[in-house]
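*Asks:* need a structure here:
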Amino acid sequence: MAPFPAARPRRLRRTPAMRALVRETRLSADDLIWPLFVRDGEGVLEEVPSMPGVVRRSVDRIVEAVEGARALGIRAVCLFPYTDAALKTDGCEEAWNPDNLSNRATRAIKAACPDVLVMTDVALDPYNARGHDGIVRGGEVVNDESVEALVRQALAQAEAGADVLGPSDMMDGRVAAIRGALEAEGYQHVAIMSYAAKFASGFYGPFRDAVGAAGALTGDKKTYQIDPMNGDEAMRMISRDISEGADMVMVKPGMPYLDLCRRAKAEFNIPVFAYQVSGEYAMIRAAAQHGWIDGEKVMMEALGAFKRAGCDGVLTYFAPEAAGLLARGWE
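*Replies:* The predicted model follows:
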C-alpha cells in the first residue's frame, strides 16, 4: 500500500454504492438452509421457549412456512421431528417408519414446492428412549448396530423424497454404509451432507428442548462427538467422510469453529457448510431482546462471518429474517 496521503482507504468506504462495489464477501438467500421443527397435529404453531421466535409446526404449517420461505428466495430447508414420547423406544424403530413425522413432512413439502431442497436428519436421538444418536446397549452407544438402523432410516427418507441426507450421528462408517445402500436401492441422486465435524458442544441445549430429547438423554455424547479442543481430529473425520462418499460436509457448531471452516475449505476444496446452532441463535436473540445488541446487525454480521471463513452456506434459524433483509437491500 502506498503511504498516506496517496493511499486513503476511506475513499472506498465513502458511500453505500462504493462499499458494495468493493465488498469481498457476499451473502444471499441461496446461502441459507432453514432448519424446521415438525410435530404431530394440525394447525399447530408451538413456541420453543429457549429459542424465541422459533416454533414447532404441524405438517400443514410446515408447508405454509416453506412456501413463505420460497417467496423470500430460500430454496433449502432441513427437517427435525418432535416425536411423541410414546413412539420412542430402545430400538428406535420409528426412525424408519415410512409415515413418521419427518417423512410425512418431506412428502408434503415436495408436493407443494418441488423445487425446494429438503434435507433430513439421519440420527436416532428423536426416536431413542435414551436420547442418544445411536442405540444404547448395556449403557454404551453401540456403533455397528446403530449404523444398521441409520441405513434403514436413510432409505426411508430417500423413499419419501429427501434431496439431501444429513448424517448427524457421528457413528464410525455410517457414510459409507448409507452411500452403499442408496446406490444399491436406486437412490444415486440423493446427496449426503455429512456432519463430519460435529463437536461435543455446550451450544446444543435449546435444540434438544425443541426436539424433545433433553429430558430423555442419559449421560453425554462425548464417546461419539468430537472433543471441542481437537481441530486435527475434525480434519481427519472430514477426510474420512469424503472418502466414504459424502458430497458436502458440515462443521457444527458454527461461530466457535470458524477456524475449522476455513481449514476444511482450504484442505479439501469441497462444499463446506456450518450450522449456526440453537445456542448461538438463542444468545443473539436474547441479547437483542434485552437491548444489549442490535439484533439485525449482529445476525447479519454473524452470517457474513461464515461466508468470509469459506463456507458455501449455513444452516440458520435466522434464514427467513435474513432473507427478508437481503431482499430489501440490506447494507
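*Asks:* now the strands for the stretch 51-200 of the chain?
*Replies:* Shown for the stretch 51-200 of the chain, the strands assigned by DSSP state E, counting those that start in this stretch span residues 55-57, 76-82, 117-122, 136-137, 140-141, 164-167, 191-198.
*Asks:* could those strands be laid out in CSV, adding mean pLDDT?
*Replies:* Conversion of the strands of the stretch 51-200 of the chain to CSV gives the following (pLDDT from 0 to 100):
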stretch, mean pLDDT
strand 55-57, 96
strand 76-82, 97
strand 117-122, 98
strand 136-137, 96
strand 140-141, 96
strand 164-167, 98
strand 191-198, 98
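*Asks:* now mean neighbour count and distance to Pro35 too, for those strands, in CSV please.
*Replies:* (Each C-beta comes from the backbone N, C-alpha and C, glycine too.) CSV is the format used below for the strands of the stretch 51-200 of the chain (neighbours: other CB atoms under 10 Å; distance: least, CB to CB, whole Å):
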stretch, mean neighbour count, distance to Pro35
strand 55-57, 20, 12
strand 76-82, 23, 5
strand 117-122, 25, 9
strand 136-137, 16, 25
strand 140-141, 17, 24
strand 164-167, 26, 10
strand 191-198, 25, 13
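*Asks:* nearest to Gln157 among those strands would be which one?
*Replies:* strand 117-122 (4.4 Å; CB to CB).
*Asks:* partner strands of the closest one, with direction?
*Replies:* strand 76-82 (parallel), strand 164-167 (parallel) (DSSP bridges).
*Asks:* quick one: which of the strands of the stretch 51-200 of the chain is nearest Ile33?
*Replies:* strand 76-82 (4.4 Å).
*Asks:* which other residues reach the lengthiest helix in the chain?
*Replies:* In the chain, with assignment by DSSP state H, the single longest helix is helix 143-160. Residues outside helix 143-160 that contact it (CB atoms under 8 Å, 6 or more residues apart in numbering): 91-92, 95-98, 100, 102-104, 106-107, 120, 122-124, 133-135, 137, 165, 167, 169, 171-174, 177-178, 181-182, 185, 187, 190, 224.
*Asks:* switch to 6 Å and redo it
*Replies:* Residues from elsewhere that reach helix 143-160 (CB atoms under 6 Å, 6 or more residues apart in numbering): 92, 95-96, 98, 103, 106-107, 120, 122, 134-135, 165, 169, 171-174, 177-178, 181, 185, 187, 190.
*Asks:* which among those end up buried?
*Replies:* Among the contacts of helix 143-160, those buried by neighbour count (16 or more other CB atoms under 10 Å) are 92, 95-96, 103, 106-107, 120, 122, 134-135, 165, 169, 171, 174, 177-178, 181, 187, 190.
*Asks:* and Ala177, what does it touch?
*Replies:* By CB under 6 Å, 6+ apart, Ala177 lies in contact with Val147, Val151.
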